[in-house]
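Visitor: got a predicted structure here, sequence first:
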Amino acid sequence: MFLRKNLALIGVVGFILGFVIIQQFYLHEKITKNIQPESENNLALEVSELIKTNDELTKEVNDLTDQHGKLSRAAADASSANATLEENLNQYEIILGLTQVQGQGVEIIFNDKISSTQLVDVMNAIKNIGADAIQINDRRIIQNSSITEGFFYPPVSVKVIGNKDLLYEALVRPGGILDQIGLSKEVVKSDNVNIDKK
């Protein structure tokens, strides 16, 4: 009887153990089947969302890069335009005699009296050589300046800003304008000629 009881108990325990093992196996299958596809689907959705977000961010970066390029070009164009305007304004102020000018050039000092006609010829020759600014004695000469008829008595100083070597060579060469008028003069090259404003 004891043996039967033990066998019955072993049988019941075996049955319960077998039932639990089988349930565990089915439960594991069910969990694996239910959870794994969802995880793969979730991962696929997350990857898809990440790809979509990455594409949107890449597009935004490209748009911002294009905007930066356009703004940089616009800033460079504006800067270049401002520099050109500033340069033109400075040039016009020099031409109109509204600003003091300093630079390389020459100074001609006449030691004889010089007529207004001779002085006009000298001014025209200097302008043709390529002067940036001219001053006779203390008077700035601009485009519409007139020279009074008559004579100028020594010393008469003509200051010219421009390429000092070119001006000097053109003025002192044999047969040049100064040679033609035949007056006593001195031509001095300088790196620091100052011409007053009008």
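Guide: Perfect, I can see it now. Just so it is clear, the model here is predicted, and its values are computed rather than measured.
Visitor: and the longest helix for the protein?
Guide: helix 2-96 (DSSP state H).
Visitor: any idea which helix or strand comes after that one?
Guide: Note on helix 2-96: by DSSP states H and E, the next helix or strand toward the C-terminus is strand 101-110.
Visitor: other residues contacting stretch 134-143?
Guide: Here stretch 134-143 makes contact (C-beta atoms under 8 Å, 6 or more residues apart in numbering) with 95-97, 119, 123, 126-127, 133, 145, 147, 152, 156-161, 195-198. To be clear about C-beta, it is placed using only N, CA and C from the backbone, and glycine gets the same treatment.
Visitor: pull out the buried members of the residues you listed.
Guide: Buried members of the contacts of stretch 134-143, scored by 16 or more other C-beta atoms under 10 Å, are 97, 119, 123, 126, 133, 152, 156, 158-161, 195.
Visitor: got the contact list for the closest residue to Val172 other than its chain neighbours?
Guide: Once flanking residues are discounted, Val172 sits nearest to Val187: 5.5 Å by C-beta to C-beta, 6 or more residues apart in numbering. Val187 sits next to 106-108, 168, 171-172, 178 when contact means C-beta under 8 Å, 6+ apart.
Visitor: go with 6 Å
Guide: 106, 108, 171-172 (C-beta atoms under 6 Å, 6 or more residues apart in numbering).
Visitor: tell me the angle of the helix or strand it falls within relative to strand 101-110?
Guide: Using DSSP H and E, Val187 sits within strand 185-195. Here strand 185-195 points in a direction 160 degrees away from that of strand 101-110 (axes from the mean of the first three to the mean of the last three C-alpha atoms, to 10 degrees).
Visitor: check what pLDDT Tyr153 gets.
Guide: On the pLDDT scale, Tyr153 is placed at 91.
Visitor: shouldn't Asn144 be within a strand?
Guide: No - going by DSSP: H, G, I helix; E, B strand; the rest coil, the assignment for Asn144 is coil, not a strand.
Visitor: which residue is nearest the middle of this structure?
Guide: Ala76 (4.5 Å; C-alpha atoms, centre = their mean).
Visitor: that residue and Ala83: what is the separation?
Guide: Going from Ala76 to Ala83 by C-beta to C-beta, to the nearest Å gives 10 Å.
Visitor: try Asp196
Guide: 27 Å.
Visitor: which of the buried ones among the contacts of stretch 134-143 sits closest to Lys113?
Guide: Distance to Lys113, by C-beta to C-beta, is smallest for Phe152 among those, at 6.6 Å.
Visitor: the closest one reaches Ile114, doesn't it?
Guide: Yes - under the criterion of C-beta atoms under 6 Å, Phe152 makes contact with Ile114 at 5.1 Å.
Visitor: give me the pLDDT value at the closest residue to Ile177 other than its chain neighbours.
Guide: Closest residue in space to Ile177, ignoring its immediate chain neighbours: Ala125 at 3.9 Å, by C-beta to C-beta, 6+ apart. What the model reports as pLDDT for Ala125 is 90.
Visitor: sounds good, over and out.
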